[in-house]
Structures are given as structure tokens and as C-alpha cells.
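J.: take a look and give me a structure for this.
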Amino acid sequence: MTIIETRKPTAAEDEISAALRKRYGAHIPELASGADDILGHLLAHRSIRSYRPDPVPPHTVETLVAAAQSAASSSNLQTWSVVAVEDQGRKQRLSEFAGGQKHIREAPLFLVWLADLSRAERLAKREGRPDDGIHFLETLFVAIIDAALAAQNAVVVLEALGLGSVYIGAIRNRPQAVAEELGLPPNVLAVFGLCVGYADQAAGEDVKPRLRQSMVLHRERYAPTDEIHGIAAYDETLRDFQTSQGVAPVGWRETVLNRLGSAKALNGRDRLTEALRALGFGLK
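T.: Numbers count the residues shown, from 1 in each chain. Have a look, this model is predicted:
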């Protein structure tokens, strides 16, 4: 008789299984092996909106920027910059520009990530060279994508340092006011903010469920399938999560429909094209 020994899962595998259940519920995808450490780290990501007052460790900003600068950059143009804000008065004003979000004030560090075309513009001017390409929408897209890639690298590392964070898209509510507060030159846009600090564990913020993979993964050609059932199932899952977090259980459908149902819901960002032109962007 052949005895087959079953291998017990390692602690890392158990952690990944638990994290996958939080992300996907019953719809856990099959995963390749060999990336347990980094995958477990990424799956554990959660947004942190409640912070302890402790300052971040020395040289945290430099560490995060080293990670950010290691992200891909289109054509190595490096069309992004970041402003590190620790001054309480400035955080207070930026909070007001972003709808009064308290976590901007409470986090010890607030990073404002910039789409920065001004560095290339100054270079062209010093060299007496044309800069026509700077003034096209494509180049602004490049700068925004560069900033996003850089910031996400920083988030991965700050979480490895035991810190937490949350992105602040509302920094675009009043882009001209933000530009004035931070002394931004023309052709620079504050794309989003990032609160950084130690999580207040008493708040109990947990990993948020996502849509099942079949909703976002397409093979060869775009082909939405089972969308009605998938959204209904996710809506129920998200409402349960919201209830567990002590927030109104509005679900996903209502969030999407309310957020995109009117220009008013954009909280000033419906005028972003005008603001971009005022900030010097050509948008050809």
C-alpha cells in the first residue's frame, strides 16, 4: 500500500490564502508559485485614514523617493516630481482644498505627486531648443502615468517599513490653489496626494474586497461576461465589508452611479481642463 503524505501549507501560504479570501471571497483565482513574499505584501494593502501622531522614521522620504525613482519612466523622461509636506499649517490648508479630509491634517507626512513638464521646459529654454512636444495632451498623459507609477512603488516600500497610506485624488478639486500653496511653476499639476504615517490600529481598517478577476481580465479581446451577476455578487460583498467597517453600506453600484452621475459629484474637477490651461498646459 502506498502512503501519500500531504504537505502542510507554510505560514506564508496560509497568509496569502487569507489575503486572497479578503480580496476575492469565494472567487479565488489560481496563482503561479514563486512570488509568495511580494504577493502576500501586495495583497495585504489597505487604505489608512486614521493615523497615530508619531513622526515617520528619519530618511523615510529619501527611501520612498529611491523606490519611486526605480519605477518605469516613459522614454526615461522622468516627468514627475513630489513635494513632501510636514508643516501642520500647510497640511491644514491642503486639507481644506481637498474637501476637508482630516487624514491630510493627521498624517505626519503628506506627499503631493506632480506631473512635472517644467523641468523639460526649462532645459529646452536653456539650450535654445524647441519644446513644441511639451504642449500636447500626450505629454501630459506621460507625466501623469510616470507620477502614478512612481507613487505606487513608494507605497509598496512604505508598507514594508510598517507605515500606511491613502491616496488623495481630491487634491485636484482646486488645482490652482494647490499650485499657489506649493509654489508650482507653469506646466506642473498636482496629480494626487498621499498621506503617510503609522496606522491607528484602533480604527480597524481592513483589506477591501475587489471585483472578481473575471470582471476585469479579458483574454485576446475585450469581452465582458457575467457582468450583471458579478456586479450583484460584489455589491453584496462590499456592503458587508462597509458594515464591518462602520460606514454606510451603499455598495459598489450606488458608489459608481453617484460618483459619475453628475458634474457636481466631481467636486470642482469638472473644470479641470480650464484649470490645466490656467496652469500653462497647452493640451493640443
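J.: in the helix or strand bottoming out on mean pLDDT in the chain, which residues are buried?
T.: Ranking every helix and strand in the chain by mean pLDDT, DSSP states H and E puts helix 11-24 at the bottom, with a mean of 85. Buried residues in helix 11-24, counted by 16 or more other Cβ atoms under 10 Å: 15-16, 19-20, 22-24. Any C-beta I mention is one placed from the backbone N, CA and C, and that applies to glycine too.
J.: so which other helices or strands are in contact with it?
T.: Judged by 3 or more Cβ pairs under 8 Å, 6 or more residues apart in numbering; DSSP states H and E, the packing partners of helix 11-24 are helix 36-43.
J.: so what's the gap between the least confident helix or strand of the chain and the chain middle?
T.: Counting by Cα atoms, centre = their mean, to the nearest Å, helix 11-24 is centred 22 Å from the centre of its parent chain.
J.: can you give me the strands in the chain?
T.: 80-85, 109-116, 164-168, 188-197 (DSSP state E).
J.: which among those strands is found nearest to residue 246?
T.: Nearest to residue 246, of all those, is strand 164-168, at 16.6 Å by Cβ to Cβ.
J.: show me where the stretch 51-200 of the chain has its helices.
T.: With DSSP state H, counting those that start in this stretch, the ranges of helices along the stretch 51-200 of the chain come out as 60-68, 88-97, 102-106, 118-127, 137-160, 175-182.
J.: what's the closest of the ones you listed to residue 31?
T.: Among the helices of the stretch 51-200 of the chain, the nearest to residue 31 by Cβ to Cβ is helix 137-160 (18.3 Å).
J.: re the thing from before, for the helices of the stretch 51-200 of the chain, which one sits closest to residue 32?
T.: When the helices of the stretch 51-200 of the chain are compared by Cβ to Cβ, helix 137-160 sits nearest residue 32, at 19.2 Å.
J.: avg pLDDT for the closest one?
T.: For helix 137-160, mean pLDDT is 98.
J.: could you list the buried residues of stretch 143-157?
T.: So, applying 16+ other Cβ under 10 Å, buried residues of stretch 143-157: 143-151, 153-155, 157.
J.: relative to the whole chain's centre, how far out is it?
T.: 8 Å.
J.: now stretch 69-77
T.: Its chain's average C-alpha position is 18 Å from that of stretch 69-77, according to Cα atoms, centre = their mean.
J.: cool, and stretch 164-173?
T.: Its chain's C-alpha centre and that of stretch 164-173 lie 8 Å apart, by Cα atoms, centre = their mean.
J.: can you give me the end-to-end distance of that stretch?
T.: 24 Å (Cα to Cα, to the nearest Å).
J.: quick one on the thing from earlier: ok, so of the buried residues of stretch 143-157, who is nearest residue 50?
T.: Nearest to residue 50 among the buried residues of stretch 143-157 is residue 155, at 17.2 Å by Cβ to Cβ.
J.: how about the closest one, nearest residue that isn't a chain neighbour?
T.: Excluding the flanking residues, the one nearest residue 155 by Cβ to Cβ, 6 or more residues apart in numbering is residue 165, at 5.5 Å.
J.: which residues touch the residue nearest to residue 98 when sequence neighbours are not counted?
T.: Setting aside the residues directly before and after it, residue 98 is nearest to residue 170 in space (Cβ to Cβ, 6+ apart), at 3.8 Å. Counting by Cβ atoms under 8 Å, 6 or more residues apart in numbering, residue 170 makes contact with 97-99, 101, 193, 267.
J.: now swap in residue 64 and tell me
T.: By Cβ under 8 Å, 6+ apart, the residues touching residue 64 are 111, 154, 157-158, 196.
J.: spatially, which two of these are the most separated?
T.: 111 and 157 (12.3 Å).
J.: re earlier: look up how far residue 173 lies from the residue nearest to residue 155.
T.: Separation of residue 165 from residue 173 (Cβ to Cβ, to the nearest Å) stands at 20 Å.
J.: so these two - more neighbours on which side?
T.: For the pair residue 165 and residue 173, the greater number of neighbours falls to residue 165 (27 against 20), based on other Cβ atoms under 10 Å.
J.: would you agree that one is in contact with residue 195?
T.: Yes: assessed by Cβ atoms under 8 Å, residue 165 is found in contact with residue 195 at 5.9 Å.
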